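K.L.:
this one's structure only:
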Ligand code: 15L
């Protein structure tokens with residue numbers, strides 16, 4: 001990998017990867033729809049709307065691998081999801097194919113499978129159970145990635161990210177947290193591992209409270225360093241007095257499941 005591209009480089013994960021991948025590859029191209037901090041040595045800075053195919057073609061020109069973080073990063077109205085996460089995502093994969101890109105690491109989400117109950121441990125083989133329009137767009141992204149892997153031999157690692165940040169922020173996130181250094185490790189596996197075909201891995205640290213069997217990531221050599229457990233006591237104490245929504249509490253996707261929920265009761 002001589003030149004890699006990070007889309008959505010202005011977001012929280014993008015800003016973090018900008019630092020942790022600096023110097024790992026000779027050139028890191030950073031792109032977002034918003035203005036980014038000026039390029040430093042070994043960086044190129046780009047500004048692109050993902051829904052604009054000709055701009056996306058320029059964005060991907062000359063890159064060997066893409067870390068695709070761009071698009072909408074939470075629940076939103078359908079037109080925004082459609083533009084950012086369906087049309088925009090398609091443009092990145094299709095322009096990448098035309099440009100001869102070899103690898104894509106796709107930032108998918110726990111919300112592609114958010115309607116699995118917390119009582120169930122799931123692995124990379126479960127069928128999607130999206131909890132939102134956003135989750136549906138991530139399931140679409142995983143399906144498009146599978147197509148481009150099988151039909152065009154682009155190696156794709158779909159990282160189903162839990163919650164990225166310096167520490168877990170609530171009870172649900174104790175089960176799905178990923179630290180910046182662990183996510184960096186997973187992204188590097190996606191870009192560098194020689195046997196990536198089409199893979200799904202959970203983007204989570206080695207949390208004792210995890211809802212995931214992340215054996216596919218382990219098979220690829222992922223050895224997370226961090227665990228949410230040391231934060232658990234403080235997180236749980238802070239949340240103890242808050243009222244709990246029964247739908248949010250039942251499912252892995254939490255409030256994404258409870259929002260706009262109109263069924264009378266959860267399925268038994
Ligand atoms: C996501 O997929 C979002 O991008 C992020 O903003 C958080 O909401 C995260 O999931 C989460 O579930 O905590």
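P.N.:
Sure thing, it's come through. Only a predicted model underlies this, so the values are computations on that prediction, with no experimental measurement involved.
K.L.:
quick one, strands of this protein?
P.N.:
3-7, 27-32, 43-47, 65-68, 103-109, 155-161, 163-164, 177-178, 198-203 (DSSP state E).
K.L.:
how much space is there between the residue lying closest to residue 52 once chain neighbours are set aside and residue 102?
P.N.:
In this structure, residue 52 finds its nearest non-sequential neighbour in residue 91, 7.7 Å apart by Cβ to Cβ, 6 or more residues apart in numbering. Where you see a C-beta, it was placed from the backbone N, CA and C, and this is true even at glycine. Distance of residue 91 to residue 102, computed by Cβ to Cβ, to the nearest Å: 18 Å.
K.L.:
Neighbour count for these two, which is higher?
P.N.:
residue 91 (23 against 15; other Cβ atoms under 10 Å).
K.L.:
which ones are touching that one?
P.N.:
Listed by Cβ atoms under 8 Å, 6 or more residues apart in numbering, the contact set of residue 91 reads 50, 51, 52, 53, 56.
K.L.:
got it, and residue 161?
P.N.:
With contacts defined as Cβ under 8 Å, 6+ apart, the neighbours of residue 161 are 13, 107, 108, 109, 110, 178, 183, 203, 204.
K.L.:
And for the residue nearest to it when sequence neighbours are not counted, the neighbour number?
P.N.:
Nearest in space to residue 161, with sequence neighbours left out and distances taken as Cβ to Cβ, 6+ apart, is residue 203 at 3.7 Å. Residues near residue 203, counting by other Cβ under 10 Å, number 30.
K.L.:
can you pull the pLDDT of the residue nearest to residue 43 when sequence neighbours are not counted?
P.N.:
Leaving aside its sequence neighbours, residue 43 sits nearest to residue 28 (Cβ to Cβ, 6+ apart; 5.4 Å). On pLDDT, residue 28 comes in at 98.
K.L.:
How many residues are close by residue 28?
P.N.:
Neighbour count for residue 28, taken as other Cβ under 10 Å: 25.
K.L.:
Ok, the one 10 residues further on next?
P.N.:
Here the number of neighbours of residue 38 (other Cβ under 10 Å) works out to 7.
K.L.:
That one and residue 115, how far apart?
P.N.:
43 Å.
K.L.:
per-residue confidence for residue 265?
P.N.:
88.
K.L.:
what about it, distance to residue 111?
P.N.:
Using Cβ to Cβ, residue 265 is found at 22 Å from residue 111.
K.L.:
from the stretch 1-150 of the chain, which residue is nearest to the ligand?
P.N.:
As assessed by Cβ to the nearest ligand atom, the ligand sits closest to residue 109 within the stretch 1-150 of the chain, at 3.3 Å.
K.L.:
quick one, what contacts that residue?
P.N.:
Residues near residue 109 by Cβ under 8 Å, 6+ apart: 134, 135, 138, 160, 161.
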